[in-house]
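> sequence plus the predicted model coming up.
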Amino acid sequence: MPFLLCLHSRLFSYLFSLLDQAFRHLTQPARASLLVGTAADLPLSRAELIAENALLRQQLILLHRQVKKPRLTATDRLWFLLLASRLPHWKDVLLIFQPETLLRWHRAGFRLFWKFKSRNRGGRPRLSADTIALIQQMAKDNRLWGAQRIRGELLKLGIKVATATIQKYVRTARPGRAPSQTWSVFLKNHAKDVWACDFLPVIDLFFRPLYLFFVVELASRRVVHFGVTRHPSDDWVAQQLREATPFGQTPRFLIRDRDHKYGDAFLRVAQGTGIEILKTPYRSPKANAVCERFLGSVRRECLDHLLILGERQLYRVIKEYVQFFNQARPHQGIEQQIPAEIQSEGKVKGSGKIISFPVLGGLHHDYRRVA
């Protein structure tokens, strides 16, 4: 009987040791999952847990010292987020990556969550990129068209789009659309029929005032006419308008400012030739921007580099500059073309030798090809 009891006790101890070894083998950090490892720590005492944590911490320190960028799976990131949410001092516990990394994972998780919540669950089909581009192109090319007008044009092409959808893409194509045609659009549409005029005061070498009067065509930037005087009276300005419009060569509109030099005689000449005068608003030089830009070019490219002695010299200088401006100088406003080429509908380009002609005593040069 004692022999049997001894045999049973030894067999029980052997089975228990086998189970203990198998359990420890399964719960090793390299093979165990987080839940199994946590369950294995439950029967351990506080001292054993502290020692085990110290041992694991030392291994993490060594890992952090040797491995700069460990590879983590999505499950690993999820466990780190859940465990960090349960610790108030989680920033002090992290060793293998920075707290900002954990916060970035947290934000990425929220983005994925809301992307899943806001996923497309059917409804209207999305517009194609070609249809969106067509709507935006219609909105840019036709400033007076609203969403309903564009919708009708799309229906004519066999494309069905809701009005609210069209309004959304119209706002991106032309934000802040004016209720009516703007001044710049008006000038662009009627540039061939619009001239502009203005005065440029000049002080000669003896501090005497002189006045330059210019008439410029908006479409080609061509200087139609210019005049020089010391006394710009109403009759003189009216005569300049007569000389600028010989043989019925008149524009439909003429832009001018509210200078008192434009009197009744000037108005009668304009009415007699069928020109409609457009007065710019008060203190609005941009309303006559093309002419103002030309006056700036005259100063920067000509008058600022010369000493003006009198009226005749100023006339000769401006005559030479206007000839250069019309026949040789490219302009940004007309895509680097020359006003004379626009008037003659293109200029034949040669392939000969290039030579230069001095203008205003070498202040500028005109480069041309020799036949």
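Yep, that arrived. Numbering: from 1, shown residues only.
> state the number of residues packed around F247.
5 (other CB atoms under 10 Å). To be clear about C-beta, it is placed using only N, CA and C from the backbone, and glycine gets the same treatment.
> ok, how many other residues are close to the nearest residue to A287 once chain neighbours are set aside?
The shortest distance from A287 to any non-neighbouring residue, by CB to CB, 6 or more residues apart in numbering, is to T280 (3.8 Å). For T280, the neighbour count with other CB under 10 Å is 20.
> cool, the one 4 residues further on as well?
Each residue near S284 was counted by other CB under 10 Å, and the total is 12.
> that one and D198, how far apart?
Distance of S284 to D198, computed by CB to CB, to the nearest Å: 13 Å.
> next one: H260
14 Å.
> next one: R293
According to CB to CB, R293 and D198 sit 11 Å apart.
> and these two? Which one has more around it.
Using other CB under 10 Å as the criterion, R293 and D198 rank with D198 on top: 21 against 15.
> just the pLDDT for the nearest residue in space to the more buried one that is not next to it in sequence.
Leaving aside its chain neighbours, D198 sits nearest to C291 (4.5 Å; criterion: CB to CB, 6+ apart). C291 is assigned a predicted lDDT (pLDDT) of 93.
> list the contacts of C291.
A196, C197, D198, F214, V216, I255 (CB atoms under 8 Å, 6 or more residues apart in numbering).
> look up the pLDDT of the third one for me, please.
Put plainly, it is D198. 96.
> now for N189, how many residues are close by?
With other CB under 10 Å as criterion, N189 counts 11.
> could we number from 41 for the rest of this?
New numbering, starting at 41: the last item is N229.
> and the pLDDT for it?
So N229 comes in at 78 (pLDDT).
> from T320, how far out is it?
18 Å.
> please apply the same query to R214.
Taken as CB to CB, the span from R214 to T320 is 25 Å.
> and the closest residue to P291 other than its chain neighbours, what are its bridge partners?
Distances taken as CB to CB, 6+ apart put W235 closest to P291, at 4.3 Å, once the chain neighbours are dropped. Beta-bridge partners of W235, counted by DSSP bridges, are E257, L294.
> now do the contacts for V362.
Contacts of V362 by CB under 8 Å, 6+ apart are V263, F266.
> that one in helix, strand or coil?
helix (DSSP: H, G, I helix; E, B strand; the rest coil).
> strands of the stretch 41-190 of the chain, start to end?
Secondary structure of the stretch 41-190 of the chain (DSSP state E, counting those that start in this stretch): no strands located.
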